[in-house]
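Student: 3D, please:
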Amino acid sequence: MTTVSVAKKVSLLFGVHAHQPAGNFDEVLDDAHARCYKPYLDTLYRYPEFKFALHFSGWLLDYLLRAYPADMDRLREMVLRGQVELFGGGDTEPVLASIPECDRRTQLAALSDRLAQAFGQRPSGAWLTERVWESSVVTCLADSGIEYVTVDDYHFLCAGKNTADLTGYFSTEEGGVALDLFPISEALRYRFPFSPAPDAVRFAESLATADGAVAAVYFDDIEKFGIWPETHEWVYGKKWLEQFIEGVLGSATVGTAHFRDHHRAQRTRGMVYLPATSYIEMNEWSLPPQQAHDWADLVAQEKAANRYESRKPFIRGGIWRNFISRYAESNWMHKRVLGLSDRLAELPARKLKRRMRELLHLAQANDAYWHGLFGGLYLPHLRRSVWSAIVELEALLDRAKRRGAIEAIDRDLDGRVEVFLVNGSVQAVIRDDGWGAIHELDLYRLRHNFGDTLARREEHYYRKIVHGAQGAHSGEGIASAHDRINFRHPISPDDLAADVRPRAIMVDRAWRDGAEVRLEYALKQASAGRLTLAVADAGLSKTYSLNGEEVIVEYAFGDGVAVLETELNLAMPSCDGVLGRYLLGGEVPGGFGQMHRWNGVTELALEDGVLGGRLVLRVSQPVAIDAAPHHTVSQSENGFEKIMQAVTLRLVTPRPVSALRISLGAA
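Tutor: Numbering: from 1, shown residues only. The predicted model follows:
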């Protein structure tokens, strides 16, 4: 009897996602291009038979088209010759599930239009930011011409599927509107490009079947191919990418294909309804610290017992939206943008400006809203990009439809009212939370929120800092950023201490007879452009008002206060760089990154070259001022680091007689 050998085949659907946060520095973008984007495209250009998918977020693509037209011409040639399938998505890389339906559609349309104009191809597939899946996004994607999206195989495992089943695409629906879903292989994500190239090719070959209808799906960050630690030398210097491509092209088993071609040629593997989730690491990062400790301990326990792979679909962590509820700063940005989206939607068409929509999209960029190994909530320049868009957009909306001088609303849905004082030049937002402080301070001319800072709080990864954990990588190849433990700065226990008071502007403390007086401000009186709060037991009140580009704070003292300290946490874009400095009495005593103590001060200026302006503090009677940088400790793919978030000024007024006036404004 003769045995007939049936050749096995597998289609490798290979995609990469390129993104840089809106507001990132030009030098970062240029370095990313030099170390990753350019060598990646140059390498793939030499192998026209190797088909792959590529997603650029719109903000990054716009930069590359301006700064590197020759490389984008090369990409255009690769698209025209049929080598590259372009993927769409939200233009500024928003988490689609977290923004209103109308904005989802304009975000998707903006990137699709950009791709059609630049490369002559409209996308059939879309990349979901951080692979955040919620079924509510189905309708906007389908209505925008998107036929399929890629999400992690973990999403499918959580829906009851087996890894062996995930060799093609599945279908889902929402309200009868259908969308197809490709499962990204975690096994491939952790091998490309970290395992030696021959091993990576052999693993892809091992997925082949006799019917040849199976797909091995890879779609992940292009930054793994040159920007992550060690990867540039590994991928290009040691030629991992070249070896991998040649190994795939030389294989009798693996062949590359476009998602769109596989989608047309093969039938769906059936219906599936996915839970709200993201990639598995995000489920850990989004948990509060103690719950994240418990989650990590449970995972370690299951791995030690060799049960983790079978049980990980049931060890569910948090969801991406947890970042909005965990971090008050993220929640405030998010709800402010939702409010501006509502205002924009209400404008008549004749008052709409293209710039308004662009700014709203920029304010929805995901990076500044979350934090884990990645995410930019801890990075001041990324939050500043969001706030700059918010402030500029609000100024345009105010010109189109003027607001009142004072408004009270629980904008962030935390059960406490925020009072907005606005005069067209400056806006101060005071939260009715007992502290009586300015939560947001916007100067429209500079498009800046001086209240944009971040409180110090406990984080799950602090446990690694305290216990000196080591990375888990072993074996051949190089380590993923997920496995690295590295310290970019020395970190002390004091650096990890959580704040006990908000990092706001005009946060007060008071003493009488050597004892601290408990202060809890309550709203007392509000009128057009003027707000008064009071602590009845201490005979203390403070009134906020606006005058041009100045915020004026007037204190009235009774017998209950002998010494007053007020703390101002001011977001200064220069941080501890050379362009940030103090001006006192015509002299420069130092920069924002230094600690200072001054006595008898009535005027202090903060000059910021990045901001392009100066903030001046004036006090009606001499005070002592302590100045210090406010740092937080965070993690990134490069290690643990200290980041300056704000300038902290503490004004101490001994023996106030009856009143004190402080004004803060631009010069």
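Student: can we go C-alpha only for contacts and neighbour counts from here?
Tutor: Noted.
Student: Pull the number of nearby residues for the residue nearest to residue 263 when sequence neighbours are not counted.
Tutor: Nearest residue to residue 263 in three dimensions, chain neighbours excluded: residue 169, at 7.5 Å (CA to CA, 6 or more residues apart in numbering). Neighbourhood size, residue 169 [other CA atoms under 10 Å]: 26.
Student: any idea how far residue 151 is from residue 169?
Tutor: Distance of residue 169 to residue 151, given as CA to CA, to the nearest Å: 10 Å.
Student: same question, residue 89
Tutor: Counting by CA to CA, the separation of residue 89 from residue 151 is 13 Å.
Student: what about those two, which has more around it?
Tutor: Neighbour tally, residue 89 and residue 151, criterion other CA under 10 Å: the higher count belongs to residue 89, 31 against 26.
Student: Now do the contacts for the more buried one.
Tutor: The contact partners of residue 89, by CA atoms under 8 Å, 6 or more residues apart in numbering, come to 57, 107, 108, 111, 112, 126, 127, 128, 129.
Student: I'd like to know which of these are part of helices.
Tutor: Counting by DSSP state H, the contacts of residue 89 place 107, 108, 111, 112 in helices.
Student: Once you drop chain neighbours, what's closest to residue 593?
Tutor: Taking CA to CA, 6+ apart, and ignoring the residues beside it in sequence, residue 593 has residue 576 as its nearest neighbour in space, at 4.1 Å.
Student: Common neighbours of residue 169 and residue 151, please.
Tutor: When CA under 8 Å, 6+ apart defines a contact, the residues bordering residue 169 and residue 151 alike are 181, 182, 183.
Student: follow-up on the earlier one: now do the shared contacts for residue 89 and residue 151.
Tutor: Among the neighbours of residue 89, those also in contact with residue 151 (CA under 8 Å, 6+ apart) are residue 128.
Student: thinking again about what came up before, check the gap between the residue nearest to residue 593 and residue 567 for me.
Tutor: Remark: distance between residue 576 and residue 567 (CA to CA) = 19 Å.
Student: hmm, back to that, the residue nearest to residue 593 against residue 595, yeah?
Tutor: No - with contact defined as CA atoms under 8 Å, residue 576 and residue 595 do not form a contacting pair (11.0 Å).
Student: Strands along the stretch 501-650 of the chain, start to end?
Tutor: Taking DSSP state E, counting those that start in this stretch, the strands of the stretch 501-650 of the chain run over residues 505-512, 515-517, 522-527, 530-535, 540-547, 550-556, 563-570, 580-584, 587-591, 596-608, 613-636, 639-654.
Student: Show me how far the last one is from its chain's centre.
Tutor: Chain-centre distance of strand 639-654: 22 Å, with CA atoms, centre = their mean, to the nearest Å.
Student: list the buried ones in it?
Tutor: Using 16 or more other CA atoms under 10 Å as the burial criterion, the residues of strand 639-654 that qualify are 640-654.
Student: low pLDDT regions in the stretch 1-150 of the chain?
Tutor: Applying pLDDT under 70 to the stretch 1-150 of the chain flags residues 1-6.
Student: Please enumerate the strands of it.
Tutor: 10-18, 52-56, 84-86, 125-127, 148-152.
Student: how far away is the closest residue to residue 591 other than its chain neighbours from residue 662?
Tutor: Distance criterion CA to CA, 6+ apart; nearest residue to residue 591, sequence neighbours excluded, is residue 581 at 4.0 Å. For residue 581, the distance to residue 662 under the criterion CA to CA works out to 21 Å.
Student: what about these two, which has more around it?
Tutor: Counted by other CA under 10 Å, residue 581 and residue 662 do not tie: residue 581 has more neighbours, with 24 against 19.
Student: And that one, how close does it get to residue 628?
Tutor: In this structure, residue 581 lies at 12 Å from residue 628, with CA to CA as the measure.
Student: who's in contact with the worst-scoring helix or strand of the chain on mean pLDDT?
Tutor: Considering only helices and strands, the least confidently modelled element of the chain by mean pLDDT, DSSP states H and E is helix 462-467, at a mean of 86. If you take CA under 8 Å, 6+ apart as the criterion, helix 462-467 is touched by residue 496.
Student: Just the CA coordinates for that helix, please, in CSV.
Tutor: Listed in CSV are the C-alpha atoms of helix 462-467, where the atom choice follows Å, rounded to 0.1, in the frame of the first residue of the first chain:
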residue,chain,number,x,y,z
TYR,A,462,6.3,49.7,43.8
ARG,A,463,6.4,46.2,45.3
LYS,A,464,9.1,45.3,42.8
ILE,A,465,11.1,48.4,43.8
VAL,A,466,10.9,47.7,47.5
HIS,A,467,11.7,44.0,47.1
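Student: Give the residues shared as contacts by residue 581 and residue 628.
Tutor: Counting by CA under 8 Å, 6+ apart, the shared contacts of residue 581 and residue 628 are residue 592.
Student: need the helices for the stretch 201-350 of the chain, in chain order.
Tutor: Counting by DSSP state H, counting those that start in this stretch, one finds helices in the stretch 201-350 of the chain at the ranges 231-232, 240-249, 259-265, 280-285, 289-304, 308-311, 322-326, 328-346.
Student: All good on my end, thank you.
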